[in-house]
Each structure stands twice: as C-alpha cells, then as structure tokens.
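*Asks:* Just the structure for this:
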Amino acid sequence: MPWPSNHVPKYRKHRRSGQAIVTLNGVDHYLGPHGTKASKVEYDRLVHEWLAAGRHAAKASGDDSPTVSVVIASYWRHAKAYYVKNGKETSEVGAIRNAVRPLKELYGKTPAAEFGPLALKAVRSKYIANELSRGTVNQNVGRIVRMFRWAAEHEQIPASVPQALSMIAGLRKNRTAAKESKPILPIDDATVDATLKHLPKVVADMVKLQRLTGARPSEVCNLRPMDVDKSKKVVWLYRPESHKTEHHDRGRIIFIGPKAQAILKPYLKRDRDAYCFRPVESEEQRRAAQHAKRKTPLRQGNSPGTNRKRKPARPPGEQYTTASYRRAIERACDLAFPHAKLSGLPACEMTDKQKADLKKWRKTHRWAPNRLRHTAATEVRREFGLERVLKSSLWAPYEGEHQKQERSSSRKRSLRSCARRPANWLRRRSVGAAEKLRITC
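*Replies:* Reported below is the predicted structural model:
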C-alpha cells in the first residue's frame, strides 16, 4: 500500500550501528547517535529541506543530478498544488501537461543538468511540427524555463541551467515557420439573433446579458444575487466573487444598466447565494415545453415523469460552467446554420470526407461566448471613443494605484500612458462601462 501524500519519513534507529537514520526518496541519511539533540536537529533540517524541495531530494549535482523526467514529476506535484483557484485547478495545469509532454518524450532520460538551449530549441521544433501557433509555442517554452527555474530554486539542478535556457529569444512574427493564430473578432448582432431562436430561455438570457454588459463568460455563469449591488437605482454594480485577474490584486466591477436589469430581475428572486442561471431550471423548462406539446392523452402512454432515469449519469447541475455554456451555444449554431446536405445525415452513414466537410462547416459557423465581450468592447469604442472612456469617472475602478496617485497632479500624463496600452487591453478594461456610458452620456 503506498504512503499517503502527506506522509513524513520517521526518525528511526539503525540497530547495528546505533545511529539515527531517516530515509528520503529511498536514500538513507545517518544523523548521528540516536536520541541525541544533534541528531534530531539534523533530522529536522533534512526533512524541512526535503519538503521545501517538493518531497524530492535536494542538492543534486554532477552524476547525482536528476533526470528531466524526475524534474517534470517534481514540478508537476508543485503545479497541481499551486495553480488552484476556489478549490479547483486552473487551466494552467492542463497547459503545463501539454507543454512537458514533448519534453519528456525527447529528453526524459537526459540528466537535467545537461539540458541546454539547443535541447530546448529541439523541443520548440516539436511544438511547431505539431502545428501549434507561434504564441502557444512561446508560452510553452516559457513554461519549461519556469519549471527549470523552480528546480534550481529547490537545489535540484545548478542555477546555470535556467539561466542558459532564458537566453532563448521568443519567435517573432513572420520570421518563423510556426503558424499565426487568428485574432478573436467580434460577432455581429444578426448572427447572435439567429442563434438566440434555438437557445433555451436561460441560456438565451445569459447571452443577452453578456452582450449588454461585456462580462466574461465565467462572470455570467458565476452570477449570484448577493454579488449585485442595487443601491443605485439607475445602474447596478456586479462585483464577482472570483474573476480572471484577482491574483493580481485587481478589483472587478461590471455595470448593469436598465436593459440588462430587465433581463436579470427574474433571476434575482431566489436565495442570495444561489446561482442565477441554473441548468436545472433550463431542463425543467424544456420538459414543461415538451409536455405542453404532448398529443397523446394523459390516460394513455407514459405518465409525466415516469420515463426518466432515476440516477442519470450526468444530471443537470446548479451552475453553468464556461464549457457547458459554450456547448449550448454551439448546438444552437448547428440548428441555426445547418449544412445544406450533411446536417441531417447520421454520422455512421458519412464518409471521412463528409465528416471533414461538416466539421469545417461547423467550425466556420459556430461562435464562442467570449466574442460577445469583444463585440461590446468594439461598440463602446466606436460610439464613445477611447479618449471619452479614459476621461470619464468610469475609468477610476480600472486605474492602477500609480495612476490614482498621479491623477490630481498629472492627468494628461496618465492619459498618455493609458493611450500607449495595446488596443486589446484598452478594450478589455473599458468594456464594463458600456451600459453606464449610454446613461451618463
């Protein structure tokens, strides 16, 4: 039976020599005469270093240097414990898994101290061969460098290894064979309106709310009555309990104007800590609509509720996730924009070419909910202009601390500093003001 993950090796006595001993990662460490204060101090030192190194033996050098696979395994344990938000692993854990897979295949048995820039470039070539975009390739290389820097921090490898790896420059646009990722473009309202006709009412209201407020998909899914401040009658303030940039100590305020309030009001009539948009309610509405269309008399056929599984494998939950929210929109897109010949054909009857054509068609005609945020940001900038957003009081919640300090003495310099930000960053920061700008202007 394996040891539990929180097991700490014991302070033991080696009978033959009378020495105190502790075994770390299969290696015995003699601590001195058993029972003495010095041996116990040495035990505490070794165990604390071992725990700080991620339960891996530290001070490896030369021939004792761990292999790349050992470094990966050690860093993987660290990543699963470090990249956690609200008790759940973040997407960075999956990104690390994909980044280290080619590294382990090519250099898993190589001593980590011998892994240099040329080896990392070979791994980068593997990423490019797997048709990853240039941005993803650069991000994965950065993840590998961080992993070796972490290993050096915990004295598993020499510090010279991550220093050498950090000398590799990132791939530049149009100067590499790596493909370029397509920018995420706004979605036009006509396409959204056509999709809304095929969405359940709950999901349709989520789409409408996100389109008006410019919120992130996760912020719409996590919306609860307790998070909405209705003290101001004209504009409500939604402060998400958790958001994308909270680990940078940034606040997040989403403005909810009259149009969005009309959509949200019915969903606020529930417990304060309950989620506003629930798959359970959507499923109940779907079954009620099916029952209303029933043509078979009630005294014949199945009685309502009798033809259901008692314990379904995937019962509807209490909250939409970003994945289930996206899938609901994709299914509605398939209904709103069907393929002329292949949409009604069963998959078992399609050829490989037909499946590829249908997949290409759906990829072209589907849209993701994060594009609604881009649409709202583009509309704000087109209608009001970037300078208008920056000068308004609505910019205050999004300013950094240094901007707040300089605002009174050097407002123009602060505006110029903001204007030099990338356009996508500015659109993201100002998108929450869409509804309130329409009111104040």
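*Asks:* contacts, neighbours, all on C-alpha from now
*Replies:* Fine.
*Asks:* so Trp361 makes contact with His339?
*Replies:* Yes - Trp361 is within contact range of His339, at 7.0 Å (criterion: C-alpha atoms under 8 Å).
*Asks:* quick one: the closest residue in space to Arg149 that isn't next to it in sequence from Arg143, how far?
*Replies:* Excluding the flanking residues, the one nearest Arg149 by C-alpha to C-alpha, 6 or more residues apart in numbering is Pro162, at 5.1 Å. Distance, Pro162 to Arg143, using C-alpha to C-alpha, to the nearest Å: 11 Å.
*Asks:* Looking at the two, which has the bigger crowd around it?
*Replies:* Neighbour count, other C-alpha atoms under 10 Å: between Pro162 and Arg143, Pro162 has more, with 24 against 17.
*Asks:* Quick check: the more buried one vs Gly142, distance?
*Replies:* From Pro162 over to Gly142 (counting by C-alpha to C-alpha), the distance is 11 Å.
*Asks:* about what we covered before: does anything pack onto the helix or strand harbouring the residue nearest to Arg149? Which helices or strands?
*Replies:* Pro162 belongs to helix 160-165 when assigned by DSSP states H and E. Taking 3 or more C-alpha pairs under 8 Å, 6 or more residues apart in numbering; DSSP states H and E as the contact definition, the neighbouring helices and strands of helix 160-165 are helix 117-129, helix 134-153.
*Asks:* Out of these, which is the most enclosed?
*Replies:* helix 134-153 (a mean of 20; mean count of other C-alpha atoms under 10 Å).
*Asks:* Mind jotting down where the helices sit in the stretch 151-300 of the chain?
*Replies:* 160-165, 189-196, 201-213, 217-221, 258-264, 279-292 (DSSP state H, counting those that start in this stretch).
*Asks:* mind putting those helices in CSV, distance to Lys40 and mean pLDDT included?
*Replies:* Converted to CSV, these look like this (distance: least, C-alpha to C-alpha, whole Å; pLDDT from 0 to 100):
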stretch, distance to Lys40, mean pLDDT
helix 160-165, 34, 94
helix 189-196, 68, 94
helix 201-213, 60, 94
helix 217-221, 50, 93
helix 258-264, 63, 93
helix 279-292, 57, 88
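*Asks:* closest one to Ser125 among these?
*Replies:* Of all these, it is helix 160-165 that lies closest to Ser125, at 15.1 Å by C-alpha to C-alpha.
*Asks:* Contacts for the closest one, please.
*Replies:* Residues outside helix 160-165 that contact it (C-alpha atoms under 8 Å, 6 or more residues apart in numbering) are 113-117, 120, 145-146, 148-149, 152.
*Asks:* Ala99 is nearest to which of the helices of the stretch 151-300 of the chain?
*Replies:* Comparing the helices of the stretch 151-300 of the chain by C-alpha to C-alpha, helix 160-165 comes nearest, at 15.3 Å.
*Asks:* Pull out the buried residues from the closest one.
*Replies:* 161-163, 165 (16 or more other C-alpha atoms under 10 Å).
*Asks:* quick one: the nearest residue to Ala151 once chain neighbours are set aside and Ser65, what's the gap?
*Replies:* Nearest non-adjacent residue to Ala151, counting by C-alpha to C-alpha, 6+ apart: Ile157, 6.1 Å away. From Ile157 across to Ser65, the span is 6 Å (C-alpha to C-alpha).
*Asks:* With neighbour numbers in mind, choose between those two.
*Replies:* Between Ile157 and Ser65, counted using other C-alpha under 10 Å, the more crowded position is Ile157 (28 against 20).
*Asks:* So what does that one have for phi and psi?
*Replies:* phi -140, psi 160 (degrees, to the nearest 10).
*Asks:* contacting residues for Gly145?
*Replies:* That one is not Gly; residue 145 is Val. So Val145 contacts 162, 165-166 (C-alpha under 8 Å, 6+ apart).
*Asks:* ok, it to His291 distance?
*Replies:* For Val145, the distance to His291 - C-alpha to C-alpha - is 58 Å.
*Asks:* Could you do Arg134 as well?
*Replies:* Distance from Arg134 to His291, by C-alpha to C-alpha: 52 Å.
*Asks:* can you pull the buried residues of stretch 319-339?
*Replies:* 319-322, 325-326, 329-330, 332-339.
*Asks:* Taking the centroid of this structure, which residue is nearest it?
*Replies:* Ser91 (4.0 Å; C-alpha atoms, centre = their mean).
*Asks:* All the strands of the stretch 201-350 of the chain, in order from the start?
*Replies:* 228-229, 236-238, 254-256 (DSSP state E, counting those that start in this stretch).
*Asks:* Now tell me what touches the first one from outside.
*Replies:* Looking back up the chat, that one is strand 228-229. Counting by C-alpha under 8 Å, 6+ apart, 236-239 sit against strand 228-229.
*Asks:* That strand pairs with which strands, parallel or anti?
*Replies:* Strand 228-229 sits in its sheet next to strand 236-238 (antiparallel), going by DSSP bridges.
*Asks:* what's the offset of the partner strand from the middle of its chain?
*Replies:* Strand 236-238 has its C-alpha centroid displaced from the chain centroid by 24 Å (C-alpha atoms, centre = their mean, to the nearest Å).
*Asks:* Just the residues contacting the helix or strand Ile72 falls within, thanks.
*Replies:* In this structure, Ile72 sits in helix 68-82 according to DSSP H and E. The set of residues external to helix 68-82 that reach it, using C-alpha under 8 Å, 6+ apart, is 54-56, 89, 93, 100, 104, 107-112, 115, 147-148, 150-151, 156.
*Asks:* repeat that for 10 Å
*Replies:* Here helix 68-82 makes contact (C-alpha atoms under 10 Å, 6 or more residues apart in numbering) with 53-56, 65, 87-90, 92-94, 96-97, 100-101, 103-115, 144, 146-148, 150-152, 156-157.
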